[in-house]
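**Q** A predicted structure for the sequence below; I have some questions about it.
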Amino acid sequence: MAIKNQLKTAVLLALLTALLLWIGSLFGRKGLIFAAIFVGLMNFGSYWFSDKIVLWMYRAKEAKQSEYPKLYRIIKDVAKLSGLPMPKVYIIPSEQSNAFATGRNKNHAAVACTEGILKLMTEEELKGVIAHEFSHIQNRDILISTIAGTIAGVISYIGVMARWSAIFGGSRDDDRGGNLISLLILGIITPLVATLIQLAISRSREYLADDTGARIVKNPNALASALEKLEEDGKRHPMRFGSPSTAHLFISNPFRSGMFITLFQTHPPLAERVKRLRNMKI
């Protein structure tokens, strides 16, 4: 299963790159290079400082071991099992049960847990959640999501340029119909496809983190039980601060996603995640 998810991510990244190269062949080298530099600087700047940005956004405070001995013990156990360095530990002041990992690599990583998840989970369930977050660090998901976000961002930026071009330059008589169709594809359809691929990558990494995390602690049922609790608790305690743009970082979407179809969600369907975990053989 892990190999399958890794392969899926590679294929999706290749499709995203191919889409960008195709746009480059249509839109021209100069525009593509400008968009790549502009969006690349923004995304990799965010990647370098991602831990500070997202922890500040969710009002996270570094946890003291004397105040959270159980949490520290669990994280140290998972660090030992995974072979990763001990990350910094943060607490988010929210009643919602949730957690996320951030940081540009294993030596600059942080794990943040809400106050709510510490109250709701059993020790084994919390251990499964922490292992899931360690898996994101181990699998370099912050880097992968940054690469996908950069490529999709370049495509979206070009889409904006195309839409402005359609508004101000689409009324010329020469080959008017063909120009408008091309601008429609570049301005609307292509960015939408890029976003769908980016979201598919996010979902594939969640499946991989579930699988890897369950294998780290050798207890897929505990993580499955934790996910079920997270889903129910999220309905009672929606996150009241932060940004939906960071929803993919959490083990469970902290914001109400409404009735959107799966293609537009950052996380896979909970029932499918639980099913896969329950059927795992370790």
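**A** Right, received. Where do you want to start?

**Q** in stretch 232-244, what's buried?
**A** 233-234, 237, 239, 242 (16 or more other Cβ atoms under 10 Å). Using the backbone N, CA and C atoms, a C-beta is placed for each residue, glycine as well.

**Q** For residue 135, state which of those residues is nearest.
**A** Set against residue 135, the nearest of the buried residues of stretch 232-244 by Cβ to Cβ is residue 234 (20.5 Å).

**Q** Return the alpha-carbon coordinates of stretch 267-282 using PDB.
**A** Provided in PDB are the C-alpha atoms of stretch 267-282 (Å, rounded to 0.1, in the frame of the first residue of the first chain):
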ATOM      1  CA  HIS A 267      -8.500  14.700   3.000                       C
ATOM      2  CA  PRO A 268      -9.800  11.300   1.800                       C
ATOM      3  CA  PRO A 269     -13.200  10.100   3.000                       C
ATOM      4  CA  LEU A 270     -13.000   9.000   6.600                       C
ATOM      5  CA  ALA A 271     -14.900   5.800   6.000                       C
ATOM      6  CA  GLU A 272     -12.300   4.700   3.400                       C
ATOM      7  CA  ARG A 273      -9.400   5.700   5.700                       C
ATOM      8  CA  VAL A 274     -10.800   3.600   8.500                       C
ATOM      9  CA  LYS A 275     -11.600   0.700   6.200                       C
ATOM     10  CA  ARG A 276      -8.000   0.600   5.000                       C
ATOM     11  CA  LEU A 277      -6.700   0.700   8.500                       C
ATOM     12  CA  ARG A 278      -9.000  -2.000   9.800                       C
ATOM     13  CA  ASN A 279      -8.000  -4.300   6.900                       C
ATOM     14  CA  MET A 280      -4.300  -3.800   7.500                       C
ATOM     15  CA  LYS A 281      -2.200  -6.900   8.500                       C
ATOM     16  CA  ILE A 282       0.900  -6.100  10.500                       C
END
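
**Q** Identify the residues contacting it?
**A** 1, 202-203, 206-207, 210-211, 214-215, 218-221, 223-224, 227-228, 231, 247-248, 252-253, 262 (Cβ atoms under 8 Å, 6 or more residues apart in numbering).
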